[in-house]
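Participant: next one to model:
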Amino acid sequence: MDKVVVVGAGAMGCLFAARLALAGADVTVVDVDRARIARIAEEGIHLHDASGDHAVRVGACLAGEADRADLVILFTKAMHSRAAIASVAHLADGNCCALTLQNGLGNAEAIAEIFPAANVLVGVTDWPADFAPPNGVSAHGEGHVWLGAFRPEGEAAAIAAVGLLNAAGMGAQHDGAVLAAIWEKAAFNAALNALSTILNVPVGGLDTPDGRSIAMAVIDETIAVAAASGIAMDRARLLAKTDFALANHKAHKPSMLQDRLAGRATEIEAINGQIVRAAAAAGLAAPVTATLAALVRMGDTAGQAG
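Facilitator: Below you'll find the predicted structure:
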């Protein structure tokens, strides 16, 4: 896997593209923003991380102009996954794999509509990245990637992708139970991101008895829904992660809140919305998760109307 196409030139896309290119991979970034692509093609990606400042040269083009890849990494917002992966359908030659490290649920299924399911890789990442448009990104601290195969026959490709990312210092590890990790991240985001967006407060503003009670209700509803799908989540780990975020990330504004403040559509449908739909399919109720989804959805609609 030495030829990589990164779809989505936002914070995470630019971070991963730059780190992979610095490690010697042949990287091309694609995006729908022609001006951003032109700037990246001309200047590269300006990366600031623990090792210093770098001007990293990568390829940059519109999706239809990407000619070949061993690995496609999808880094768009979840609501754009289906259109984004369709834009690089010509790369699905039977050999190329596609990896999603996006927030939310349903991204792998969208990819599998275009790429063979055996070539779909899934995972989560906690790399912190701040975007400085049009072509700058900062990574403060270190992060990790946990990834595996969407289908068992793809595990060899998943292990190869782990090697590629670790050559770039991305702290990757293979996880045979990665679907549980994806659901755990969705539960965490459904609880904290939605509440933060509704209340227009950073994470620290949720550290109250009421805030914790609502967050725990969402987590427990999500655990029940995942269990109905045969996915066992670690409740103790989720509670510890939530406690840590409330205590140590008090000033952090989740990406959903950042989208709201910037007037962009949120990823509520891929997070809370997907959990609620999965609950309904399993004959379960998720009333707290559904209420938060409805409130964020109303805010999205009001913002678009304004």
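Participant: quick one: mean pLDDT for the longest helix seen in the chain?
Facilitator: Counting by DSSP state H, the longest helix found in the chain is helix 178-199. When pLDDT is averaged along helix 178-199, the result is 95.
Participant: so which elements touch it?
Facilitator: For helix 178-199, the packing partners by 3 or more Cβ pairs under 8 Å, 6 or more residues apart in numbering; DSSP states H and E come out as strand 120-125, strand 145-149, helix 209-228, helix 235-248, helix 255-261, helix 272-281, helix 287-305. Quick note: C-beta positions are derived from backbone N, CA and C, even for glycine.
Participant: dump the longest one to PDB, keeping only the CA atoms.
Facilitator: To tie it back to what came earlier, the one meant is helix 209-228. Provided in PDB are the C-alpha atoms of helix 209-228 (Å, rounded to 0.1, in the frame of the first residue of the first chain):
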ATOM      1  CA  PRO A 209     -25.600  16.000  37.800                       C
ATOM      2  CA  ASP A 210     -28.200  16.500  35.100                       C
ATOM      3  CA  GLY A 211     -25.600  16.500  32.300                       C
ATOM      4  CA  ARG A 212     -24.000  13.300  33.600                       C
ATOM      5  CA  SER A 213     -27.400  11.700  34.000                       C
ATOM      6  CA  ILE A 214     -28.400  12.400  30.400                       C
ATOM      7  CA  ALA A 215     -25.100  11.300  29.000                       C
ATOM      8  CA  MET A 216     -25.200   8.000  30.900                       C
ATOM      9  CA  ALA A 217     -28.800   7.400  29.600                       C
ATOM     10  CA  VAL A 218     -27.600   7.800  26.000                       C
ATOM     11  CA  ILE A 219     -24.600   5.500  26.600                       C
ATOM     12  CA  ASP A 220     -26.900   2.800  28.200                       C
ATOM     13  CA  GLU A 221     -29.400   3.100  25.300                       C
ATOM     14  CA  THR A 222     -26.600   2.700  22.800                       C
ATOM     15  CA  ILE A 223     -25.100  -0.300  24.600                       C
ATOM     16  CA  ALA A 224     -28.500  -2.000  24.400                       C
ATOM     17  CA  VAL A 225     -28.900  -1.300  20.700                       C
ATOM     18  CA  ALA A 226     -25.400  -2.600  19.900                       C
ATOM     19  CA  ALA A 227     -26.000  -5.700  21.900                       C
ATOM     20  CA  ALA A 228     -29.100  -6.400  19.800                       C
END
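Participant: what residue ranges in the stretch 201-306 of the chain score low on pLDDT?
Facilitator: Applying pLDDT under 70 to the stretch 201-306 of the chain flags residues 303-306.
Participant: if we use 90, what do you get?
Facilitator: The model of the stretch 201-306 of the chain has pLDDT under 90 over residues 229, 248-249, 251-255, 258, 262, 301-306.
Participant: show me the domain layout of this protein.
Facilitator: Domain assignment for the chain, taken from automatic domain parsing, gives 3-176, 179-305.
Participant: and those as TSV, adding mean neighbour count?
Facilitator: Output for those, formatted as TSV (neighbours: other Cβ atoms under 10 Å):
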stretch	mean neighbour count
domain 3-176	20
domain 179-305	18
